[in-house]
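J.: what's the 3D shape of this:
(chains A and B)
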Amino acid sequence: MSPQINLEEQFQAKIDAEIKIEPKDWMPDAYRKTLVRQISQHAHSEIVGMLPEGNWLTRAPSLKRKATLLAKVQDEAGHGLYLYSAVETLGVTRLQTIEDLISGKAKYSSIFNYPTLTWADMGAIGWLVDGAAIMNQVPLCRASYGPYARAMVRVCKEESFHQRQGYEIMMTLASGSAEQKEMAQDALNRWWWPAIMMFGPTDAESANTEQSVKWKIKRHTNDELRQKFIDATVPQAEYIGLTIPDKDLKWNEEKGMYDFGPIDWDEFWNVVKGNGPCNKQRLEARRNAHTEGAWVRDAASAYAEKRAKRAASKVA
Amino acid sequence: MENKDWPLWEIFIRSRQGLDHKHVGSLHAADAQMAIENARDVYTRRMEGVSIWAVESKFIHASNPDEASSLFEPAEDKVYRHPTFYDIPEAIGHM
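T.: Numbers count the residues shown, from 1 in each chain, chains lettered A, B, ... in the order given. Have a look, this model is predicted:
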């Protein structure tokens, strides 16, 4: 038996025994690569995810809603940073990770390439997009890589408020004037299918799932999580009198779950490939933020240097 | 585009008086003061802390996980360091 095979067997035995992998432990290259890809994509999604909501910060309908939205956007920045910190433990520099985002090399969740046209979109995003994210993220708290799992525990603790404030916005609109209810319904119509697609391609089409499940980076398949999300969300829509835009949606008594209509995978792949309504705008916004923020970083460096010098001269 | 990378800092938070500082993650900052200010925003947005330690990551020395079994081996055969190793009559009560 070659030593390499032996190491890989030992590694898998640790995973099977639910022993977490920590940064300096031996791990297969492919495991490291998968984690770097998945965690950095996740981090980028949090960072780009601030943009669609940032669009409404100055136009929130009340001071309370504005404070809430600002707190949510701040959380997303925080979540991005927890995750960037986890990526860095795998030996990739922060600069490289950021560079991969703004050069367009790295991906982020396609959901953020859709525009936020009305205030109701803030409700739909919190309720559906954060709701779907929670479905994905809760099992990740038990992911086999320690720093990722620990970051996800922090993320999940904070995410519940995001979904609840979104649902509350939808609930308020749905019980308001006819125009407000219509606005809520319109937001649900536009966000439902993209939210369903957030779980990724079907299990049959998902190339990485099997290995990721074996490594316990993933605990459930895309289709399992999607079904769970639909089953949880349909009654929530009914409760506030909104209609899910899927004519094939119906309760399947035998299976104890909802049947739903076909997903437009052409649209999904099209947005992944960069042709969604806002792909260009989002990347440009990140790029500009980075370039236009350069003087702030330079100033902070200069100030830190000055402060260090002053402290040194005081000692002398 | 400038490419000056700020040093990496490990952040430790004391969640309330009486408890130890606990490692929560890392962040980049130009100096210690900025590391503490950023740590406040990144790791204590919901009153998770009453005190922050920031330690530049390069100053942390870690044991090697590959040598863990030999490093910790001396403790493995010393069961007599635990109270349950000693038989005390029940009549004595709690000891």
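
J.: what's the average pLDDT for the helix or strand where residue A:14 lies?
T.: Using DSSP states H and E, residue A:14 maps to helix A:3-16. For helix A:3-16, the mean pLDDT works out to 89.

J.: after that helix, next one along is what?
T.: In N-to-C order, the element after helix A:3-16 by DSSP H and E is helix A:29-48.

J.: show me what counts as buried in the helix or strand following that next one.
T.: Beyond helix A:29-48 on the C-terminal side, the first helix or strand identified by DSSP H and E is helix A:50-57. Buried positions in helix A:50-57, judged by neighbour count with 16 or more other CB atoms under 10 Å in any protein chain shown: A:50, A:51, A:52, A:53, A:56. (Glycine included, C-beta is placed from N, CA and C.)

J.: just give me the closest of those to chain B.
T.: Closest to chain B out of the buried residues of helix A:50-57 is residue A:50 (14.2 Å), distances taken as CB to the nearest CB.

J.: the longest helix anywhere in chain B packs against which elements?
T.: Scanning chain B for the helix with the most residues, using DSSP state H, yields helix B:32-43. If you count contacts as 3 or more CB pairs under 8 Å, 6 or more residues apart in numbering or on different chains; DSSP states H and E, helix B:32-43 packs onto helix A:63-88, helix A:294-315, strand B:8-14, strand B:21-28, strand B:51-56.

J.: OK, contacts around the residue nearest to residue A:265 when sequence neighbours are not counted?
T.: Nearest residue to residue A:265, sequence neighbours excluded (CB to CB, 6 or more residues apart in numbering or on different chains): residue A:201, at 7.1 Å. Taking CB atoms under 8 Å, 6 or more residues apart in numbering or on different chains, we find residue A:201 in contact with A:222, A:265, A:268.

J.: low-scoring stretches of chain B, by residue?
T.: Applying pLDDT under 70 to chain B flags residues B:1-4.

J.: how much does the helix holding residue A:14 deviate in direction from helix A:29-48?
T.: 50 degrees (axes from the mean of the first three to the mean of the last three CA atoms, to 10 degrees).

J.: got the contact list for residue 80?
T.: Because you didn't say which chain, this covers chain A. Contacts of residue A:80 by CB under 8 Å, 6+ apart are A:43, A:44, A:46, A:47.

J.: just residue B:22 next, same as before
T.: Neighbours of residue B:22 in contact, by CB under 8 Å, 6+ apart: B:12, B:13, B:14, B:15.

J.: around chain A, which positions in chain B sit nearby?
T.: B:1-6, B:8, B:24-28, B:30-31, B:33-34, B:41-43, B:45-46, B:62, B:64-66 (CB under 8 Å from any CB of the partner chain).

J.: switch to 10 Å and redo it
T.: Those residues of chain B that sit near chain A, judged by CB under 10 Å from any CB of the partner chain, are B:1-8, B:10-11, B:23-34, B:38, B:41-43, B:45-46, B:48, B:57, B:62-66, B:68.

J.: now do the residue of the stretch 51-200 of chain A found nearest chain B, the pLDDT please.
T.: Residue nearest to chain B within the stretch 51-200 of chain A: residue A:85 (4.6 Å; CB to the nearest CB). In this model, residue A:85 is scored at 95, pLDDT.

J.: number of residues surrounding it?
T.: By other CB atoms under 10 Å in any protein chain shown, the residues close to residue A:85 number 24.

J.: what residue in the stretch 201-316 of chain A comes nearest to chain B?
T.: Closest point on the stretch 201-316 of chain A to chain B, by CB to the nearest CB, is residue A:304, at 3.6 Å.

J.: my guess is that residue contacts residue B:28, does it?
T.: No - with contacts counted by CB atoms under 10 Å, residue A:304 stays clear of residue B:28, the gap being 11.8 Å.

J.: the two: which is more packed in?
T.: Ranked by neighbour count (other CB under 10 Å), residue A:304 and residue B:28 place residue B:28 first, with 21 against 18.

J.: how about the more buried one, what does it touch?
T.: When contacts are counted by CB atoms under 10 Å, 6 or more residues apart in numbering or on different chains, residue B:28 touches A:81, A:84-85, A:88, A:93-95, A:297, B:5-9, B:34-35, B:38, B:57.

J.: residues in the stretch 201-316 of chain A within reach of chain B, list them.
T.: A:287, A:290-291, A:294-295, A:297-305, A:307-308, A:311.

J.: give me the buried subset of those.
T.: Members of these classed as buried by 16+ other CB under 10 Å are A:300, A:301, A:304.

J.: can you redo those residues as TSV with pLDDT?
T.: Converted to TSV, these look like this (pLDDT from 0 to 100):
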residue	pLDDT
A:300	93
A:301	93
A:304	93
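
J.: one step back: wait, which of the buried residues of helix A:50-57 is closest to residue A:176?
T.: residue A:56 (17.4 Å; CB to CB).

J.: can you tell me the closest non-neighbouring residue to that closest one?
T.: Using CB to CB, 6+ apart, the closest residue to residue A:56 is residue A:122 (5.4 Å).
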